[in-house]
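Participant: Okay, structure incoming, though there's no sequence with it:
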């Protein structure tokens, strides 16, 4: 009888592996294969993923998810559905995305931090119409105005840069990891605006669609979120491998039912002592985790009745290392103040 863990692609072991190659074909309604040619210059597993993870690498290596967390992550991978992760501040929601990208070798995490003014357009692409107008005016004053219509049309791509969501949907053989951070900070429309893009795995760029017939081969060259030049055919970006999308929320608001049914929902509970110690160790090292063990225990005790964030604990442990022993606890309490206290 096979072990129940054999189906897991992401195993939470902290070691990079080629398990993504074992991912079976997607369900028919989530199959995005066969959409055009690979993007020129598309990167494969050349070892650059580790370098691009930067400072998150050590945290990702030490991240140890629980059994339910592992199952929900793998469910999202198998079903090609976004993973909606809710939990208190500092529960490890964002770290999850970096851990998956690190272990499965999926490159730099594309991060879209949400604020109250964020719109769908911000995540898809930005068209710099003002810069283009300025260049047209400069050219008009030049002595040689010999640009052809095709050259003028082709240059439109120079003023377009894909956002994190737009880059995640570029055609590739392996999925990218996209972190849409703190979706509950958005205005009321953004969760609904995301529905069609996340369901269809594609979007159009009107500035390119209207001139596609005048572009060489119907393609325009634009910048992606990584700063690389990529080609967009026919003015549309269409994914082949649906990205691993992590939507995070602090639980400050409810989301519409249409979004919820399109997502795999994972709720992270309060971290236990072991997870907090691992979190501290990842950021500050083994010695800090050992010396701050009493602060971790005190933090856990308070968090049963108070809303606290783990970055407050990090601040306290880091700073109290430099404080005199007599003032250590007092300084820690000043730094770890409840977030739900009455104003």
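Facilitator: Received the coordinates, thanks. Keep in mind the model is a prediction, meaning the values are calculated, not measured. Numbering: from 1, shown residues only.

Participant: these two touch, right, residue 90 and residue 310?
Facilitator: Yes - contact criterion Cβ atoms under 8 Å: residue 90 and residue 310 qualify, at 3.1 Å. In short, each C-beta sits where N, CA and C put it, glycine included.

Participant: Those two - which one has more neighbours?
Facilitator: Comparing residue 90 with residue 310 by other Cβ atoms under 10 Å, the one with more neighbours is residue 310, at 23 against 19.

Participant: Name the residues contacting each of residue 90 and residue 310.
Facilitator: In terms of Cβ atoms under 8 Å, 6 or more residues apart in numbering, residue 90 and residue 310 are both contacted by the residues residue 279.

Participant: need the contact list for residue 159.
Facilitator: Residue 159 sits next to 127, 128, 129, 131, 132 when contact means Cβ under 8 Å, 6+ apart.

Participant: out of those residues, which is most surrounded?
Facilitator: Counting neighbours by other Cβ under 10 Å, residue 127 comes out on top of the contacts of residue 159 with 18 neighbours.

Participant: Mind listing the residues bridging to that residue?
Facilitator: Per DSSP bridges, the residues bridged to residue 127 are residue 160.

Participant: Give me the buried positions along stretch 258-272.
Facilitator: Across stretch 258-272, burial judged by 16 or more other Cβ atoms under 10 Å covers 259, 263, 264, 265, 266, 268, 271.

Participant: Give the buried residues for the helix or strand harbouring residue 77.
Facilitator: Following DSSP states H and E, the helix or strand that holds residue 77 is helix 67-79. Using 16+ other Cβ under 10 Å as the test for burial, helix 67-79 gives 69, 70, 71, 72, 73, 74, 76, 77, 78.

Participant: now, among the buried residues of stretch 258-272, which is nearest to residue 120?
Facilitator: residue 259 (12.8 Å; Cβ to Cβ).

Participant: Quick check: the closest one is in a helix.
Facilitator: Yes - counting by DSSP: H, G, I helix; E, B strand; the rest coil, residue 259 is located in a helix.

Participant: surely it meets residue 193?
Facilitator: No - in this structure residue 259 lies outside contact range of residue 193 using Cβ under 8 Å: 10.0 Å.

Participant: Farthest pair within the contacts of residue 159?
Facilitator: Greatest spatial distance among these (Cβ to Cβ): 127 and 131, at 9.5 Å.

Participant: show me where the stretch 1-150 of the chain has helices.
Facilitator: For the stretch 1-150 of the chain, the helices defined by DSSP state H, counting those that start in this stretch cover 48-53, 57-62, 67-79, 93-104, 120-124, 129-140, 149-154.

Participant: The residue nearest to residue 270 when sequence neighbours are not counted: neighbouring residues, count only.
Facilitator: Sequence neighbours aside, residue 303 is the residue nearest to residue 270 in space, at 5.8 Å (criterion: Cβ to Cβ, 6 or more residues apart in numbering). By other Cβ under 10 Å, 19 other residues sit near residue 303.

Participant: Which of the buried residues of stretch 258-272 fall in helices?
Facilitator: Those of the buried residues of stretch 258-272 mapping onto helices are residue 259, per DSSP state H.

Participant: hang on, the earlier thing: which residues are in contact with the helix holding residue 77?
Facilitator: Applying Cβ under 8 Å, 6+ apart, the contact partners of helix 67-79 are 7-12, 23-24, 26-27, 30, 65, 81-83, 96, 100, 244-245, 264-266, 268.

Participant: Give me the buried subset of those.
Facilitator: Buried by 16+ other Cβ under 10 Å: 8-12, 23, 26, 65, 81-83, 96, 100, 244-245, 264-266, 268, out of these.

Participant: May I ask you to confirm that residue 297 is in contact with residue 272?
Facilitator: No - shown here, residue 297 and residue 272 do not form a contact pair, counting by Cβ under 8 Å, at 11.1 Å.

Participant: How far off centre is stretch 160-169?
Facilitator: Centroid separation between stretch 160-169 and its chain, computed with Cα atoms, centre = their mean, to the nearest Å, is 12 Å.

Participant: avg pLDDT for that stretch?
Facilitator: What stretch 160-169 shows for mean pLDDT is 97.
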